[in-house]
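Peer 1: Please work out how this folds:
(one chain, ligands or ions: 1)
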Amino acid sequence: MNQFGGDWTENKIEIIVEYAKAYLNIMNIYATKYSWKLLYFDGFAGSGYIKKGKKENQKLIVGAAKRVLEIEEPRPFDLFYFVEKDIENANNLRENTELQFPEKSIHIVNTDCNEKIKSMSEFLASPKGKKYKALAYIDPCGMQLKWNSLETLQKLSVDVWILVPTGMGVNRLLKNDSNISDAWVSKLETFLGMDKEEILKYFYKEKVSHTLFGEETTTSKEVKAIEKSAVLYKERLAKLFSFVSEPYVLKNKSNSIMFHFFMASNNRSAVKIANEIIKKYNKLN
Ligand SMILES: C[S@@+](CC[C@H](N)C(=O)[O-])C[C@H]1O[C@@H](n2cnc3c(N)ncnc32)[C@H](O)[C@@H]1O
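Peer 2: Numbering: from 1, shown residues only. Okay, here's the model as predicted:
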């Protein structure tokens with residue numbers, strides 16, 4: 001059973017479910033007309049349920065995988081592909097989905113999401129895959145998503161919702177004095193698809209002062225590094241997809257930003273719908 005999350009955990013699930021319903025409503029017409037198949041891909045699928053809160057007043061939330069499987073109207077997805085790296089979660093997910101929805105075509109794989117994003121891209125680009133339209137939900141708890149995995153999705157018929165750990169991940173690795181360990185630099189590089197020099201140039205500024213003993217250079221981190229990382233990620237997504245939504249901003253109880261949640265697509269109307277949903281949930285913040 002997964003254990004994490006604040007109110008935004010529930011909002012995030014409501015957003016993806018609301019979008020999935022809108023997606024199915026629109027795609028229903030085209031799928032019939034053009035014999036398209038609709039694929040739902042969840043790269044960090046979890047166990048089926050999420051435990052929320054402390055032991056005394058713990059609450060059980062139905063996870064996104066099950067919620068999307070429950071959608072019947074106007075039609076369900078034709079195929080569900082769930083990726084979950086943790087073996088226990090993957091086994092629980094099997095019990096909570098395959099056994100409960102025997103009539104649905106469900107695939108659960110116990111591996112790394114990055115590997116399967118690449119497999120999905122190859123499939124969607126293949127002659128057989130051209131008949132498929134996909135909705136992907138990428139919901140990691142940390143910085144597990146590699147930029148080069150996302151790159152494989154560009155130009156394909158896929159709407160991707162991505163949870164970006166701006167406050168929880170990127171900002172924590174960006175040390176105030178720019179003295180970042182090699183391991184963390186490497187993590188930032190893999191996550192952002194940028195090299196060290198580009199990352200430092202974006203997030204830090206250098207100030208040269210003329211002192212009695214000559215020039216002195218001090219390096220300091222940008223004050224709004226979390227917001228800057230969201231702007232950066234959005235710009236980077238816009239290089240892969242024609243349209244990128246505004247983010248849903250996930251804040252903790254102390255009002256600190258933890259994540260930004262984006263939708264990217266090559267379809268303008270899809271992002272328009274996503275923005276309408278996101279706007280509604282941002283107002284609750
Ligand atoms: C935030 S939770 C997902 C919650 C889920 N979307 C839901 O609604 O119930 C992240 C999940 O990703 C899994 N995970 C972590 N790293 C992964 C990876 N590299 N590939 C696939 N799954 C991973 C974790 O075991 C965890 O269950």
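Peer 1: Any part of stretch 79-92 near the ligand?
Peer 2: Yes: judged by C-beta under 6 Å from any ligand atom, stretch 79-92 comes into contact with the ligand at 83-86, 89. Every C-beta, even on glycine, is put in place using the N, C-alpha and C of the backbone.
Peer 1: Let me see the ranges of the strands in this protein.
Peer 2: For the chain, the strands defined by DSSP state E cover 2-3, 37-42, 49-52, 59-62, 79-83, 106-109, 132-138, 158-164, 204-211, 214-221, 243-244, 248-251, 257-265.
Peer 1: now the ones you listed in a markdown table, with mean pLDDT and mean neighbour count?
Peer 2: Converted to a markdown table, those look like this (pLDDT from 0 to 100; neighbours: other C-beta atoms under 10 Å):
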| stretch | mean pLDDT | mean neighbour count |
| --- | --- | --- |
| strand 2-3 | 47 | 16 |
| strand 37-42 | 98 | 22 |
| strand 49-52 | 91 | 18 |
| strand 59-62 | 92 | 14 |
| strand 79-83 | 98 | 23 |
| strand 106-109 | 98 | 17 |
| strand 132-138 | 98 | 23 |
| strand 158-164 | 98 | 24 |
| strand 204-211 | 90 | 10 |
| strand 214-221 | 90 | 11 |
| strand 243-244 | 98 | 21 |
| strand 248-251 | 96 | 22 |
| strand 257-265 | 97 | 24 |
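Peer 1: Include distance to residue 13 when you put these into a markdown table, please.
Peer 2: Output for the strands of the chain, formatted as a markdown table (distance: least, C-beta to C-beta, whole Å):
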| stretch | distance to residue 13 |
| --- | --- |
| strand 2-3 | 12 |
| strand 37-42 | 11 |
| strand 49-52 | 8 |
| strand 59-62 | 7 |
| strand 79-83 | 15 |
| strand 106-109 | 18 |
| strand 132-138 | 10 |
| strand 158-164 | 11 |
| strand 204-211 | 36 |
| strand 214-221 | 33 |
| strand 243-244 | 21 |
| strand 248-251 | 12 |
| strand 257-265 | 11 |
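Peer 1: Tell me, how many residues neighbour residue 123?
Peer 2: 18 (other C-beta atoms under 10 Å).
Peer 1: Please name the residues that touch it.
Peer 2: For residue 123, the contacting residues are 129, 132, by C-beta atoms under 8 Å, 6 or more residues apart in numbering.
Peer 1: hmm, try it at 10 Å
Peer 2: 39, 41, 81, 116, 129-130, 132, 134, 156 (C-beta atoms under 10 Å, 6 or more residues apart in numbering).
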